[in-house]
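Participant: what follows is a predicted structure for the sequence shown.
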Amino acid sequence: MGETKEEGWGFPALSKKAHYFVGSRSLCNRWLFFGNLEGDDETSSDDCTTCTRQLAKRKAAKEKAA
């Protein structure tokens, strides 16, 4: 079996946008997802704006801590 990713972009079946998931919960806290995740953190127009903002905050916090 393939290696599973702990976080990344996923596209739940009933969602109109892609969401960023950490574990199985989206950063916007609106979705649970147990499917395959894309490991990149590149954003696009098809992404949830709340998840995109939360991801930017996470990146800034990691850079500040480093």
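Facilitator: Happy to help now that I have it. Residues are numbered from 1 along each chain as shown.
Participant: only C-alpha atoms for contact and neighbour calcs from this point on.
Facilitator: Noted.
Participant: can you classify the closest residue to residue 43 other than its chain neighbours by secondary structure?
Facilitator: Counting by CA to CA, 6 or more residues apart in numbering, residue 43 lies nearest to residue 52, which is 6.9 Å off, once chain neighbours are set aside. Assigned by DSSP: H, G, I helix; E, B strand; the rest coil, the conformation of residue 52 is helix.
Participant: any idea how far residue 52 lies from residue 20?
Facilitator: Using CA to CA, to the nearest Å, residue 52 is found at 8 Å from residue 20.
Participant: which one's more surrounded, those two?
Facilitator: residue 20 (31 against 20; other CA atoms under 10 Å).
Participant: mind listing the strands for this protein?
Facilitator: Under the criterion DSSP state E, the chain contains strands at 7-10, 19-22, 25-26.
Participant: give me whichever of these is most buried.
Facilitator: Highest mean neighbour count among these (mean count of other CA atoms under 10 Å): strand 19-22, with a mean of 26.
Participant: what comes into contact with it?
Facilitator: 6-12, 26-28, 31, 33, 37, 47-48, 51-52, 55 (CA atoms under 8 Å, 6 or more residues apart in numbering).
Participant: mind running it again at 10 Å?
Facilitator: 5-12, 25-34, 37-41, 43, 46-52, 54-55 (CA atoms under 10 Å, 6 or more residues apart in numbering).
Participant: any chance of TSV for the strands of the chain, columns mean pLDDT?
Facilitator: Output for the strands of the chain, formatted as TSV (pLDDT from 0 to 100):
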stretch	mean pLDDT
strand 7-10	94
strand 19-22	96
strand 25-26	97
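Participant: and the ones you listed as TSV, adding distance to residue 60?
Facilitator: Below are the strands of the chain laid out as TSV (distance: least, CA to CA, whole Å):
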stretch	distance to residue 60
strand 7-10	17
strand 19-22	16
strand 25-26	18
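Participant: now do the nearest residue to residue 36 once chain neighbours are set aside against residue 66, distance only.
Facilitator: With CA to CA, 6+ apart as the criterion, residue 36 has its nearest non-adjacent residue at 6.8 Å, and that residue is residue 10. Distance, residue 10 to residue 66, using CA to CA: 27 Å.
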